[in-house]
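Visitor: one predicted model, sequence on top.
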Amino acid sequence: MKTETFTDRETNSATGRSSHARKILWMLALIPIIHASAAFAQVTLSSPASDKTAGVGIIVNSQAGGVIVADLLPNSPAAASKLIHKGDSILAVAEGEEPSQSLGGKTLTEAVDMIRGSIGSNMRLTVASDGADEREVFLKRERLNLDSETPFDDDAAQPEVPPTPAPASPGLVFERLPGGEPDKLSNYRGKIVVLEIWATWCGPCQGAMADLQRTVAQSNELRGKVTFVTVSMDRRKEAPMARLKEKGWTDTLNGWAAHAALEPWKIQGLPTTYVIDADGQIIAGNPQMTQQMLEELIKPLLKN
């Protein structure tokens, strides 16, 4: 079966003739999966030739009914994030902090239209890799040049531990939940800290938070020796307060921080877990950290 491949790139042709040629190529690429003339007209009208739309640099195709990352454009937001790789599945798309919309059952054309949007707008992709938990990646849409002859950078698609904050953890002031008492990360200097950043609007965060509660409750080796702190980055603290109460997530020390307080941490994906040693040094920070990875990182610290 022939696989149709699309890109969310924004055209920025140097000449009118080049732009016209691009439009024709896009129309030809879309013809095999469009069955109604009305739908075809809608797709061509929303083609990437508009100056108001932009993408994040992902080329997608379909596989087993899902949307798969076929490649990444160099120097694009997706490649720069280091959190999206060839072969990843894109499960859902969201605008800013709006609820995610599943790509299940969507055609490639519909998926591309959902990924594209206004230049400079923020979006979230729910992504899954083989052998790793789902994660949400934050990206800003940009106009990307189709005429560039720069070859794809294979290194950009290789799994890497994403960039972490400076070796010494940045200061973090937060409010304790549910009471609202002021607290800060430096208050826990001298202790091993597991810091999890999450949000109620992040789908993968819900499972990660539940897993963390089980780790605290069930691990005799870690309990009492490690301080588990969760900090919500929701815009308002009422949302995490309600979720914590609803789920009974009380085995961790929970808090909420304003976006400005989290800016030095350069959060690019959720959930993100940090392991911080007793000296306040960040040992690891990763949106794809599994419970096994967490335990393997902490055990050597307990022996010191």
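Guide: Sure thing, it's come through.
Visitor: show the contacting residues for the closest residue to W201 other than its chain neighbours.
Guide: Excluding its sequence neighbours, the residue lying closest to W201 (C-beta to C-beta, 6 or more residues apart in numbering) is E97, at 5.0 Å. (C-beta placed from N, C-alpha, C; glycine too.) By C-beta atoms under 8 Å, 6 or more residues apart in numbering, E97 lies in contact with 199, 201, 234-235.
Visitor: phi first, then psi, for M293.
Guide: Main-chain torsions, M293, degrees, to the nearest 10: phi -60, psi -40.
Visitor: gap between it and G248?
Guide: To G248, M293 is 25 Å away according to C-beta to C-beta, to the nearest Å.
Visitor: for the stretch 101-250 of the chain, which spans come out with low pLDDT?
Guide: Along the stretch 101-250 of the chain, the parts satisfying pLDDT under 70 run over 131, 145-169.
Visitor: sketch out the strands for the stretch 101-250 of the chain, chain order is fine.
Guide: Here the stretch 101-250 of the chain has its strands, by DSSP state E, counting those that start in this stretch, at 101-102, 117-118, 122-128, 135-140, 173-176, 182-184, 192-198, 226-232.
Visitor: mean neighbour count and distance to A54 added to these, as JSON lines?
Guide: Shown next, in JSON lines, are the strands of the stretch 101-250 of the chain (neighbours: other C-beta atoms under 10 Å; distance: least, C-beta to C-beta, whole Å):
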{"stretch": "strand 101-102", "mean neighbour count": "12", "distance to A54": "19"}
{"stretch": "strand 117-118", "mean neighbour count": "16", "distance to A54": "7"}
{"stretch": "strand 122-128", "mean neighbour count": "21", "distance to A54": "10"}
{"stretch": "strand 135-140", "mean neighbour count": "22", "distance to A54": "9"}
{"stretch": "strand 173-176", "mean neighbour count": "18", "distance to A54": "34"}
{"stretch": "strand 182-184", "mean neighbour count": "14", "distance to A54": "38"}
{"stretch": "strand 192-198", "mean neighbour count": "23", "distance to A54": "27"}
{"stretch": "strand 226-232", "mean neighbour count": "23", "distance to A54": "29"}
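Visitor: domain parsing for the chain?
Guide: Following automatic domain parsing, the chain resolves into domains at 5-157, 173-303.
Visitor: now the closest residue to R235 other than its chain neighbours, what's its secondary structure?
Guide: For R235, the nearest residue in space outside its immediate sequence neighbours is E97; the separation is 6.7 Å by C-beta to C-beta, 6+ apart. Following DSSP: H, G, I helix; E, B strand; the rest coil, E97 is assigned to coil.
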